[in-house]
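A.B. asks: my questions concern the predicted model and sequence given below.
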Amino acid sequence: MKNISIDSIVRSLPNPGSTKLERPQTSPGGFGNMLRGAINKVEQDHNLANRSIEELALSKGEEIHRTMIEMEKAEISFKLLMQVRNKIVSAYETIMRMPV
């Protein structure tokens, strides 16, 4: 399975560049923190799936159905994160195309 990190996801987002508008102050429970938490959760799911695969390969008592469940959870959470990312990028592109 491919390891992901917050930095790799953030780097893949488009750079808004410099704008003349001031950025609004975000609250501690803002969208960015929620997104960061979701990315961390996806990373935890993938790490858990990788650990489960290793334990199964080393015959440490891990059951194959539990390993498969962990792998599917990691895959589904990653696919969901990518869909959310795509929607965010699409919204960003739509806003950038708006005439000022």
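C.D. replies: Noted; the coordinates are in hand.
A.B. asks: for this protein, which segments count as helices?
C.D. replies: 6-12, 31-57, 64-97 (DSSP state H).
A.B. asks: now, of these, which is deepest in the fold?
C.D. replies: Highest mean neighbour count of the helices of the chain: helix 31-57, a mean of 15 (counted as mean count of other Cβ atoms under 10 Å). The way it works is simple: take the backbone N, C-alpha and C, and place the C-beta from them, glycine included.
A.B. asks: before we move on, the earlier item: TSV for the helices of the chain, including mean pLDDT?
C.D. replies: What follows is those, written out as TSV (pLDDT from 0 to 100):
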stretch	mean pLDDT
helix 6-12	62
helix 31-57	91
helix 64-97	94
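A.B. asks: for residue 85, see how far away the residue most central in space within the chain is.
C.D. replies: Computing the C-alpha centroid of the chain and ranking residues by Cα atoms, centre = their mean puts residue 39 first, at 3.5 Å. Residue 39 sits at a distance of 9 Å from residue 85 (criterion: Cβ to Cβ, to the nearest Å).
A.B. asks: swap in residue 70?
C.D. replies: 23 Å.
A.B. asks: same check on residue 51?
C.D. replies: Counting by Cβ to Cβ, the gap from residue 51 to residue 85 is 25 Å.
A.B. asks: do I have it right that residue 55 meets residue 61?
C.D. replies: Yes - counting by Cβ atoms under 8 Å, residue 55 touches residue 61, with 7.4 Å between them.
A.B. asks: ok, residue 45 touching residue 72?
C.D. replies: No - counting by Cβ under 8 Å, residue 45 stays clear of residue 72, with 10.0 Å between them.
A.B. asks: that older thread, quick check: the residue nearest to the centre of the chain touching residue 81?
C.D. replies: Yes - counting by Cβ under 8 Å, residue 39 touches residue 81, with 6.7 Å between them.
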